[in-house]
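> Need a 3D model of the following:
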Amino acid sequence: MAEKKTTKQIQEELVTSMRQWQKIEDTSVESCARIIESTDNPLIKLVMEIIQADSKMHYRVQGLIADSIGKPISLTPDDMTSAWEGIEKHLKLEKQMVDHVEKTLADVKKRKMMVPEYLLNYLYTDEIKHNSLLSLLEAIKKGMYPYG
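Alright, predicted model coming up:
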């Protein structure tokens, strides 16, 4: 039977994992840059720029995860209250964007518009992700974050 890990061991492993992952993200950013420089195709350039930007954001997220182990991040009711009106307005914007991309995707489907459909699917996925991030933040606000 495997020995049960302590919270401290899990935290240490998490920090190590995030730092290792950051190195991989750095490699991804460099790889994207090489591909961007090597092609004149606007679609390939755009896709690699998207991935590169995501890798840079992933690096920041991984850093915050690792840093939060040594110095926990608080989220107070005052923090939520001061930002919540703006967040609610933004959530409405995100929902409008999802509705818009869904309608536009429906219009181009099966019209042999491969590139627009491909990019609209990307936009749809990203807008759904934004909605999810804000909805989970709302769950935190209500004290109901869906833990594992």
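
> only C-alpha atoms for contact and neighbour calcs from this point on.
Fine.

> low-confidence ranges in the protein?
Scanning the chain for pLDDT under 70 picks out the ranges 1, 144-148.

> tell me the domain ranges of it?
Per automatic domain parsing, the structural domains of the chain span 1-73, 75-148.

> Just send the ones you listed back as CSV, with mean neighbour count too.
Below are these laid out as CSV (neighbours: other CA atoms under 10 Å):
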stretch, mean neighbour count
domain 1-73, 14
domain 75-148, 13
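
> all strands of the protein, in order?
Taking DSSP state E, the chain contains no strands at all.

> need the helices for it, in chain order.
Assigned by DSSP state H, the chain shows helices spanning 7-38, 42-70, 77-108, 114-141.

> Distance check, the closest residue to Glu102 other than its chain neighbours against Val98.
Spatially, and ignoring its direct neighbours in sequence, Glu102 is nearest to Tyr124 (7.1 Å; CA to CA, 6 or more residues apart in numbering). According to CA to CA, to the nearest Å, Tyr124 stands 6 Å off from Val98.

> Also Asp67?
As for Asp67, its distance to Val98 is 33 Å (criterion: CA to CA).

> now Ala66
For Ala66, the distance to Val98 equals 32 Å [CA to CA].

> Same check on His90?
Taking CA to CA, one finds His90 at 12 Å from Val98.

> Identify the contacts common to these two.
Common contact partners of His90 and Val98 (CA atoms under 8 Å, 6 or more residues apart in numbering): none.

> ok, now which ones touch Ile36?
When contacts are counted by CA under 8 Å, 6+ apart, Ile36 touches 44-45, 48-49.
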